[in-house]
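> I'll drop the sequence and a predicted model, then ask my questions.
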Amino acid sequence: MTQIDPSKVAEVAATLKRKPIVSSACIGCGACVAISGDVFTLNDDGYSIVLEIPDYEGKDVDDSIAACPVSAISWSK
Ligand code: SF4
């Protein structure tokens, strides 16, 4: 049986609950939507917003963070 290191449980749980955030620095370039269209969409004003989904892991959010030209995307703490 696999044992989980108790000291890692909180760290893993926090990772699983992470959610991306888009700051007001967004210029609406659409890169994040092109990369992670199931996570980001542009609102009526043309700026990126985060869609509500159960789990953001494995959704290329890190690629969107790297691609954002104004560093507007980050993970929630
Ligand atoms: S990549 Fe950055 S600037 Fe472009 S739409 Fe997404 S959050 Fe906005």
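Alright, I've got the coordinates.
> Tell me the helix or strand right after the helix or strand of the chain with the lowest mean pLDDT.
Least confident helix or strand of the chain, by mean pLDDT, DSSP states H and E, is helix 6-16 with a mean of 66. Sequence-wise, the next helix or strand downstream of helix 6-16 (DSSP states H and E) is strand 20-22.
> So for the residue nearest the centre of the chain, what pLDDT did the model give?
The centre of the chain sits closest to Pro20, judged by Cα atoms, centre = their mean, with a distance of 3.0 Å. For Pro20, the pLDDT comes out at 97.
> same thing with Gln3?
73.
> Just give the number of residues close to it.
The number of residues packed near Gln3 is 5, by other Cβ atoms under 10 Å. (Glycine included, C-beta is placed from N, CA and C.)
> As a check, name the ranges of all helices in this structure.
Secondary structure of the chain (DSSP state H): helices at 6-16, 31-35, 61-67.
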